[in-house]
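Undergrad: the following block contains a protein sequence and its predicted model.
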Amino acid sequence: MKPASFEYTRPDSLDDAIALLAEHDGDAKVIAGGQSLMPMMNFRLASPRMLVDIGRIADLNRIVIASDGVRLGALVRWRDIERHPTLRTSHPLLAAAIDHVAHYQIRNRGTVGGSIAHADPAAEMPGVAVACDAEIIVAGSAGQRTIAAADFFTGALTTILQPDEIIIEVRLPAWPAGRRAAFEEFSRRKGDFALAGVAAFYDLDREGRVVDPHLAAIGVASFPVRLKAAEAALAGRPIDAIAIQTAAVVADEGLDISEDIHAPADYRRALLKVLLERALHRAAGLPASGQTT
Amino acid sequence: MKNADAQFTVNGQSVKVSVEPRTSLADYLRHELKLTGTHLGCEHGVCGACTVIVDGAAVRSCLMLAAQADGCEVVTIEGLSNRDDLTPLQASFRKHHALQCGFCTPGILTTAHVLLSEEPDADADRIRDVLSGNICRCTGYVSIIEAVLDARSAYGHRETET
Amino acid sequence: MSVPARTGATPNTLVGQAVERTEDLRFLTGRGTFADDYEPAGVLHAVILRSSVPHGHLRSIDARPALTMPGVKGVITAEDIGPAIPTIPLRLAPIAGLEKYLQPVIAHGKVRYAGEPLAVVVADSRAIAEDALEAISVEIEALDPVADWRASEADRCLLFEENATNVATRYSAQIGDADAAIAAADYVRRETFRAHRHTANPMETRGAIAEWNVADGRLIVTAATKVTFFNRRLLAKMMGLEESAIDLIEIDVGGGFGVRGEFYPEDFLIPFAARHLQRPVKWIEDRREHLLAANHSREIDCDLEIACKSDGTIVAVRGKIYGDMGAYVRTNGGVVPAKAAQFLHGPYRVPNIKVDVAAFMTSKTPVGTYRAPGRFEANFFRERLMDMAARDLNIDPVAFRRKNLITEAELPYSIGQLVPYETPTAYDSGDYHACLDRLLEEFDWDKKAALQGKAVDGRYQGLAATCFVESGGAGPRENCKFILERDGGITINVGSSALGQGLETVFAQIAADAMGLPFDAFTIRHGSTTLVHEGFGTYHSRALVMGGSAILDGAKNMVAAIRAAGAAQLGCAPDDAVWHDGHIAVNSGRRLGLGEIAGGAPDGTPLSADGTFANTKRTYSYGAHAAHVAVDARTGHVQVIDYLAIEDVGRAVNPGIVHGQAIGAAVQGLGGVFFDHLIYDADAQLLNASLVDYLLPLATDFPSVRGVTLELRPSPSNPLGAKGAGEGGIVAVAATIGNAVAAALVSLGVEPKELPLTPPRIWRLVQEAKARLSASKS
């Protein structure tokens, strides 16, 4: 399985990279770690005529932790997140989710920008982005623009990214102290894409009531989704097993649950509810529900 | 189609590369340099047989273009091997019968070597986690995990009293 | 048959030891030579254009655009091969009817599965060949595909019009009168089970390098294995060559497990391409191709009945086996349903058994054998039904097995002729009860049994123990040749094939003990047709049993030849020359070492001796498996907390190797239970032809798998006392896990009857059980 022929360039600047993309008008692809693109090309499911390797472009591989949040350059690799000295405390949800990404060797090459651009429905990074109201910064011929994660993903493996645009950064809003969070996913094997996954966080007010819950799911729809009904069910309530159950029951409301060879929709629907329940129990520090069926 | 150029080192030797851009690092190592210890089991990044070490990190050479290795240090199974004796890691694999057909073995050795170089105290769970990116059809992995655990002392691991 | 346990004068020192493997030295340092590592000068690269349509009339192939591409050297279609297109004959299981459904080496007229070869594209590089492949236009008039055996049986759409039916064969076999026994029985239970289509997936895909020598009309095919002599015979016939004009060469092989080394279309197409183009041609299968083109296996449905006395004594078993053969009957395809039927018997006293077997043609990739063919399936069917019966009869499942397990006093135990193409056979030797006892002891069964069906941390615990018997060591013969090299070392050529199982090590162990020489004195060469006059290869766990026994014979003959040669050099009678400690000595005190004897060969011809071993009796290893699982009923996830496989292999020449294969087999089996699955849609299209979607077990999946190798009862039919090993670790995995999951979910009444046990399937079984329970309450 060898890819179809293509030209390869390795520009040193973002402007050059964008110019090359613009010049090839849809026939060029950006490559960074290549961990999603190369398999597609080896299967000849993707056959771009030009590969623009952005690996040399300066400053795209930085992790910046500031008072307004965490900024991840497009070239930040999973291993950089895994090994970062403070990220696990600065953004525990991100760290917990990224622990589930693929395998050791893939984690050494795969990048944040690549995952966002590839937009696999079950990928963790897009899920975290949607859960956290992240901003995705892209650069193109018309300059830079900032896109809300919720608007970025439009379908399985499809985004609103234009052919001449490159993701340069993902910005996650600041993570206040005391925020409760958990990430749960269920995959067939360690490192596989999840059949379903849930990213959950919320804050508590003085009375111990849930404030501004963010609940998002991956793997259940064609792109990461917020679980609006479950968020509404949880908001303003003290967190306990009953509140969690109430939220879990409506987790699938309004969702068009996907199915594929690995799992039918009704199973995914049930799995979503179980995972949300488990995530919320864990975020709250409550023991598992004890429910067996 | 214009060739892609790159310059990097393979097992300490400098190489100047001018290849068809679509040439993977794996194919370059195997067919141009005749370093056939790096194996291709799937060519879509799942099986791990093609794992080589690039700038100290274990990577899939079937998912990396030769051109992308420009400026890198590449080490293959051949580069991990002494001329005469087995290294402690290799000897441990032999001792534990941690291979049968041997096809996946180079990718497992390169991966385990990087792991133990960075984490000589890796426990069985960590080793299993890291090696979950390498498929072996023969052994069922049990002997592989034992072999890697047993090789840790050569990487600076100290047995702790428990 | 009476055979001495050992030849040679020195006591056994190596057989029975976990000697470190010779092969590992090259594999661990990246110096192995696998198919794609062999690259003769001037080699061209071939890829195969395969049908994307599962069933249809092949109207035309237009390769002209491909042929004009730079670097493309040729495109071969049926037109270049014909007018007569060879078909690939049966190697095993010649059941009447199957011979009418053989695969042509290339599609012509019709295509019958997605993946069937249509053309061979040869170019300067693999990448160019793949480019060219995309430029070929193929016109196929699609016909309705036949997606499963039920559609096949209906015969509404005929796959082979000339045969007027899709049912390749039906036969019935029995011992006693199962119909009568079932009619009169106290208790009968009948269930339908299903094993699913999956395959071995060795880490190295298939490959071949063919070199045609124009000058002398000889053909060399490198990277052959398994049954090279048989394959050479077929190839010679198809190519119109003498067998002596073809060498099949075995190099390092990255796993076989039954799938690799059978004669496939490519084993003709690549040599043909080399001759056609008069250039060396290499073909390396890619993983997607492997999943589409190499043998599939295991897709068997079974209607099974068990009849018992109320005390649990089995009085009869009656089974119907429905085998989905895929689009053609491949070399050993018939083995799968035939053995699934035969092994329904198992290690139990079954006075009456009847099996009805039917083999159906469908529009899927053809099937062949995969490690423990038919057994994996049959044990699942039988052991699952036995646990259901035990529960019905309120008998402990272990006690139920003990009650029916054949005792040593009953051995040899005839299982008659349940396979039409085989002679009647009998379980040879063993202590089945001792093996089960050992299993329970090693597993700490009595203590763990308290967990049965209980929920711990929200997950249901389940345990199961099952028993099996497994055949191996197929005849008829194996041959070897000992050659004394100039340096005094001994090379042994053997007709057995090495596919990763360590033959170079175990054969040297046997020879070293037999000749009283050090292990390092021997170099083992295997598999290639150039090595011995006739070889039979490696399948049915036969290499050690047959090849190893031939080596004992060869060692004896080699000692005699060395004594004769030494005596001649020393001027004495052979009887006066004593072979001891690697030397020939005579009374006068003169001694000759092997180097001196080799140097003294009169005409420079190396001293050599042949060895052979012939046997028609199969070996029957046996054993028991146990599992402890925890089932998360809400997600359907099953954790294998502990797995133990015990097998009596008679004699373990290298326990390290046997143990490794047992564990490896068990994990393959766990993959077969939970992961491996060739998923087809209703149009007979394979949906998961990649390792992204075809899931194989990873290092994180089954950390707690144990094996115990026993040597309780040697085989009476070979001088090593060895029984086939290497498949016993997989045979009972589906049986054991299926029963453990059922035991875990006993409070819900969940009974898994269909593989694989994926999380969605278990979840659904739980949902259905809950619905049943709530319906019965209301």
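TA: Okay, I see it.
Undergrad: look at the residue of chain B at minimum distance from chain C and tell me its secondary structure.
TA: Among all residues of chain B, B:Gly37 sits closest to chain C, at 2.0 Å; criterion: CB to the nearest CB. (Each C-beta comes from the backbone N, C-alpha and C, glycine too.) Using DSSP: H, G, I helix; E, B strand; the rest coil, the structure places B:Gly37 in coil.
Undergrad: quick one, what contacts the closest residue to it other than its chain neighbours?
TA: Of all residues not flanking B:Gly37 in the chain, C:Gly30 sits nearest, at 2.0 Å (CB to CB, 6 or more residues apart in numbering or on different chains). Contact analysis of C:Gly30 by CB atoms under 8 Å, 6 or more residues apart in numbering or on different chains lists B:Leu35, B:Thr36, B:Gly37, B:Thr38, B:Thr76, B:Ile77, B:Glu78, B:Ser81, B:Pro106.
Undergrad: can I get those in JSON lines with pLDDT and neighbour count?
TA: Formatted as JSON lines, these follow (pLDDT from 0 to 100; neighbours: other CB atoms under 10 Å in any protein chain shown):
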{"residue": "B:Leu35", "pLDDT": "98", "neighbour count": "21"}
{"residue": "B:Thr36", "pLDDT": "98", "neighbour count": "22"}
{"residue": "B:Gly37", "pLDDT": "98", "neighbour count": "28"}
{"residue": "B:Thr38", "pLDDT": "98", "neighbour count": "26"}
{"residue": "B:Thr76", "pLDDT": "98", "neighbour count": "26"}
{"residue": "B:Ile77", "pLDDT": "98", "neighbour count": "30"}
{"residue": "B:Glu78", "pLDDT": "97", "neighbour count": "19"}
{"residue": "B:Ser81", "pLDDT": "91", "neighbour count": "20"}
{"residue": "B:Pro106", "pLDDT": "98", "neighbour count": "32"}
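Undergrad: for residue 267, pull up the helix or strand it's in.
TA: In the absence of a named chain, chain A is used. In the assignment (DSSP states H and E), A:Tyr267 maps to helix A:265-284.
Undergrad: wait, chain C
TA: If you go by DSSP H and E, C:Asp267 is part of helix C:265-277.
Undergrad: packing partners for that helix?
TA: Helix C:265-277 is packed against strand C:44-50, strand C:72-77, strand C:117-123, strand C:207-213, strand C:218-222, helix C:228-239, strand C:281-284, with contacts defined by 3 or more CB pairs under 8 Å, 6 or more residues apart in numbering or on different chains; DSSP states H and E.
Undergrad: any chance of TSV for these, columns mean pLDDT?
TA: As requested, these are exported to TSV (pLDDT from 0 to 100):
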stretch	mean pLDDT
strand C:44-50	98
strand C:72-77	98
strand C:117-123	98
strand C:207-213	98
strand C:218-222	98
helix C:228-239	98
strand C:281-284	98
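Undergrad: TSV for those, including distance to C:Arg150 and mean neighbour count?
TA: Formatted as TSV, the helices and strands packed on helix C:265-277 follow (distance: least, CB to CB, whole Å; neighbours: other CB atoms under 10 Å in any protein chain shown):
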stretch	distance to C:Arg150	mean neighbour count
strand C:44-50	27	24
strand C:72-77	34	22
strand C:117-123	28	25
strand C:207-213	37	23
strand C:218-222	40	21
helix C:228-239	34	20
strand C:281-284	36	26
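Undergrad: wait, A:Glu184 sits on A:Leu280?
TA: No: counting by CB atoms under 8 Å, A:Glu184 does not reach A:Leu280; the two are 9.1 Å apart.
Undergrad: ok, back up a step: quick one: contacts for the residue of chain B closest to chain C?
TA: Residues near B:Gly37 by CB under 8 Å, 6+ apart: B:Thr76, B:Ile77, B:Glu78, B:Pro106, C:Thr29, C:Gly30, C:Arg31, C:Gly32.
Undergrad: and those as a markdown table, adding distance to A:Arg226?
TA: What follows is those, written out as a markdown table (distance: CB to CB, whole Å):
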| residue | distance to A:Arg226 |
| --- | --- |
| B:Thr76 | 46 |
| B:Ile77 | 47 |
| B:Glu78 | 51 |
| B:Pro106 | 45 |
| C:Thr29 | 53 |
| C:Gly30 | 50 |
| C:Arg31 | 55 |
| C:Gly32 | 52 |
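Undergrad: among those residues, which ones are in helices?
TA: In helices, defined here by DSSP state H, the members of the contacts of B:Gly37 are B:Pro106.
Undergrad: find me the pLDDT at whichever residue of the stretch 351-500 of chain C sits closest to chain B, would you?
TA: The nearest approach of the stretch 351-500 of chain C to chain B comes at C:Gly500, 2.6 Å away (CB to the nearest CB). On the pLDDT scale, C:Gly500 is placed at 95.
Undergrad: for B:Asn82, same thing?
TA: For B:Asn82, the model assigns a pLDDT of 79.
Undergrad: mind listing what it touches?
TA: Contact analysis of B:Asn82 by CB under 8 Å, 6+ apart lists nothing.
Undergrad: OK, contacts around the residue nearest to the spatial centre of chain B?
TA: The residue lying closest to the centre of chain B (CA atoms, centre = their mean) is B:Thr110, at 2.4 Å. By CB under 8 Å, 6+ apart, the contact list for B:Thr110 reads B:Thr51, B:Val52, B:Ile53, B:Ala58, B:Val75, B:Thr76, B:Ile77, B:Leu80.
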